[in-house]
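**Student:** missing the sequence, but the structure's below:
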């Protein structure tokens, strides 16, 4: 019983040690004895005036005392004071020096802050190599913020060669540490299969986490997953909600996607004026597809009074931002459409840009310029390559054009119709009567294929049914 009473008394006296913070005198004594953590704790009290007289100069002295003893966090806190001029003279160079000392002493935020200054050119010259080194050290020392930034540097090729795989690795590390931006960026890599195996489900899951923490871009990505049903249950209404959240959060892609759903009446009534307003907001926010859609609406007078001149300016803006559809529409207009003066050179150039931007219609049209030498230097190999892009995209007439150019061997090689056969076949199966006729002619002669009169007649009949009178004559002649 005596032992229990003594223990109870001892615990009663010890309670304040567990339940209360040390008093200022205790912190000072401990600091004077070399405890740098207590020097920092006392400095923080003086800096805020919480538990000690507010005195920024005294705080700076205590942080310096900790820093001089090799405490990285003390150096970091002193650096911040030199950057703001609180309690010490403002001295950016001294602040940078102290951040580097903090980094060298293992403080991750010292590395990260100094690295971000060099990355962004904040009060120091931009130095990507230095930024890469410091931010890399910050990430290695445990700063998830540094890992998130390091991921973007690897992804975008800033300070490092572009490396999606390395970006994914550090994004994963930062995301696990609670960095929503990193989760969202990792989600985009997973969605596209860049740097890692494509995983639409995991991408949607991560986008959801990032969206919940306010990352508007991730909300737009999750909305697209619900719109398409790729990686998440197809739910147009949920998609609209997410696109709205993204748009309200400043993500232009969210405004664009919401505009499309509003224009088409998906999970709601069609509303062309509301869609136009969303496309305008998307364009103003930097979305090239948004600029195209706004331009198209102005061009055609959908949801807004028609204004072709303004529409063309937006097509140009979209084209300049590598939105190939904008380039294509300008090419169409410069063909002398809707009162626009016919400008073959402008037309050919815009179709070339559309092709290079990934629009197969542009490839199909610029191919003809190369083939004929009209407004562009005649270049049959380029024409054939452009027609082949259109063919692969399902423009079956282009398959026939490829076949013709292959059969003629414009590249100087001996004539050989065999390479043309697959392209004639694809064009014929796609409903191009002329291709059926030419293919029937090859089977009839056994040129490039094994001679087959029955197959030849079948092809002539198909071409005839499609309106090719030459084929009708050949079929009747059998």
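**Tutor:** The structure has been received and is ready for your questions. Quantities reported herein were computed from a predicted structural model and do not represent experimental measurements.
**Student:** Tell me how many other residues crowd residue 476.
**Tutor:** Residues near residue 476, counting by other C-beta atoms under 10 Å, number 9. Any C-beta I mention is one placed from the backbone N, CA and C, and that applies to glycine too.
**Student:** now swap in residue 425 and tell me
**Tutor:** 17.
**Student:** do the one 5 residues further on as well
**Tutor:** Residue 430 has 16 neighbouring residues, counting by other C-beta under 10 Å.
**Student:** give me every residue that touches the residue lying closest to it once chain neighbours are set aside.
**Tutor:** Spatial nearest neighbour of residue 430, excluding adjacent residues (C-beta to C-beta, 6 or more residues apart in numbering): residue 396 at 2.7 Å. Residue 396 makes contact with 426-427, 429-432, 435 under the criterion C-beta atoms under 8 Å, 6 or more residues apart in numbering.
**Student:** mind running it again at 7 Å?
**Tutor:** By C-beta atoms under 7 Å, 6 or more residues apart in numbering, residue 396 lies in contact with 426-427, 430-432.
**Student:** same check, this time on residue 447
**Tutor:** Residues near residue 447 by C-beta under 7 Å, 6+ apart: residue 417.
**Student:** Next: residue 293.
**Tutor:** Listed by C-beta under 7 Å, 6+ apart, the contact partners of residue 293 are 256, 259, 279.
**Student:** go on, residue 147?
**Tutor:** Counting by C-beta under 7 Å, 6+ apart, residue 147 has contacts 139, 170, 173-174, 182.
**Student:** where does the stretch 1-150 of the chain have low pLDDT?
**Tutor:** Within the stretch 1-150 of the chain, the ranges that satisfy pLDDT under 70 run 1-21.
**Student:** all strands of it, in order?
**Tutor:** Counting by DSSP state E, counting those that start in this stretch, the stretch 1-150 of the chain forms no strands at all.
**Student:** how about the helices in it?
**Tutor:** 2-19, 24-32, 36-48, 56-68, 72-84, 92-104, 108-120, 128-140, 144-156 (DSSP state H, counting those that start in this stretch).
**Student:** so which of the contacts of residue 147 is the most crowded?
**Tutor:** residue 182 (29 neighbours).
**Student:** my read: that residue touches residue 152, true?
**Tutor:** No. With contacts defined as C-beta atoms under 7 Å, residue 182 does not count as touching residue 152, sitting 8.8 Å away.
**Student:** what are the phi and psi angles of residue 121?
**Tutor:** phi 70, psi 30 (degrees, to the nearest 10).
**Student:** roughly how far apart are it and residue 99?
**Tutor:** Note on residue 121: its distance to residue 99, by C-beta to C-beta, to the nearest Å, is 15 Å.
**Student:** who wins for neighbours among the contacts of residue 396?
**Tutor:** residue 427 (27 neighbours).
**Student:** Identify the residues contacting that residue.
**Tutor:** 396-397, 399-400, 403, 435.
**Student:** residues near residue 359, how many?
**Tutor:** Around residue 359 there are 24 other residues, counting by other C-beta under 10 Å.
**Student:** for stretch 297-316, which positions count as buried?
**Tutor:** Using 16 or more other C-beta atoms under 10 Å as the test for burial, stretch 297-316 gives 297-299, 302-304, 308, 311-312, 314-316.
**Student:** same deal with stretch 317-325?
**Tutor:** 317-319, 321, 323-325.
**Student:** still on that earlier bit, more crowded one of residue 121 and residue 99?
**Tutor:** Neighbour count, other C-beta under 10 Å: between residue 121 and residue 99, residue 99 has more, with 28 against 11.
**Student:** Could you tell me how far that one is located from residue 289?
**Tutor:** Residue 99 is 42 Å from residue 289, by C-beta to C-beta.
**Student:** And the residue at minimal distance from the centre of the chain, which helix or strand is it part of?
**Tutor:** Centroid check for the chain by C-alpha atoms, centre = their mean gives residue 188 as the closest residue, at 7.5 Å. Assigned by DSSP states H and E, residue 188 belongs to helix 180-192.
**Student:** now for that helix, which elements pack on it?
**Tutor:** Here helix 180-192 touches helix 144-156, helix 164-176, helix 200-212, helix 216-228, going by 3 or more C-beta pairs under 7 Å, 6 or more residues apart in numbering; DSSP states H and E.
**Student:** Tell me how far residue 51 lies from residue 59.
**Tutor:** In terms of C-beta to C-beta, residue 51 sits 12 Å off from residue 59.
**Student:** oh, I was asking about residue 74
**Tutor:** Residue 74 is 11 Å from residue 59, by C-beta to C-beta.
**Student:** Out of the contacts of residue 293, who's the most crowded?
**Tutor:** That'd be residue 279 among the contacts of residue 293, by other C-beta under 10 Å, with 32 neighbours.
**Student:** before we move on, the earlier item: list the contacts for the residue nearest to the centre of the chain?
**Tutor:** Residue 188 neighbours (C-beta under 7 Å, 6+ apart): residue 221.
**Student:** For residue 446, grab the count of nearby residues.
**Tutor:** 12.
**Student:** Now do the strands in the stretch 251-400 of the chain.
**Tutor:** Applying DSSP E, counting those that start in this stretch to the stretch 251-400 of the chain gives no strands.
**Student:** Residue ranges in it under the pLDDT threshold?
**Tutor:** Using pLDDT under 70, nothing in the stretch 251-400 of the chain is flagged.
**Student:** What segments of it are helices?
**Tutor:** Under DSSP H, counting those that start in this stretch, the stretch 251-400 of the chain gives helices at 252-264, 272-284, 288-300, 308-320, 324-333, 344-356, 360-372, 380-392, 396-408.
**Student:** need the ones you listed in CSV with distance to residue 83, can you?
**Tutor:** Output for those, formatted as CSV (distance: least, C-beta to C-beta, whole Å):
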stretch, distance to residue 83
helix 252-264, 34
helix 272-284, 35
helix 288-300, 38
helix 308-320, 39
helix 324-333, 45
helix 344-356, 47
helix 360-372, 52
helix 380-392, 55
helix 396-408, 62
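**Student:** picking that back up, let me have the helices and strands packed on helix 180-192 in CSV, extended by distance to residue 234.
**Tutor:** CSV is the format used below for the helices and strands packed on helix 180-192 (distance: least, C-beta to C-beta, whole Å):
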stretch, distance to residue 234
helix 144-156, 29
helix 164-176, 26
helix 200-212, 12
helix 216-228, 7
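**Student:** Can you tell me which of the buried residues of stretch 297-316 is nearest residue 331?
**Tutor:** In terms of C-beta to C-beta, no member of the buried residues of stretch 297-316 lies closer to residue 331 than residue 315, at 9.7 Å.
**Student:** Which of the helices and strands packed on helix 180-192 has the highest mean neighbour count?
**Tutor:** helix 216-228 (a mean of 25; mean count of other C-beta atoms under 10 Å).
**Student:** Could you check the angle that helix makes with helix 200-212?
**Tutor:** Our comparison of helix 216-228 with helix 200-212, counting by axes from the mean of the first three to the mean of the last three C-alpha atoms, to 10 degrees, yields an angle of 140 degrees.
**Student:** Remind me what helix 216-228 packs against, helices and strands.
**Tutor:** Using 3+ C-beta pairs under 7 Å, 6+ apart: helix 216-228 touches helix 180-192, helix 200-212, helix 236-248, helix 252-264.
**Student:** Mean confidence (pLDDT) on that helix, please.
**Tutor:** Per-residue pLDDT over helix 216-228 has a mean of 98.
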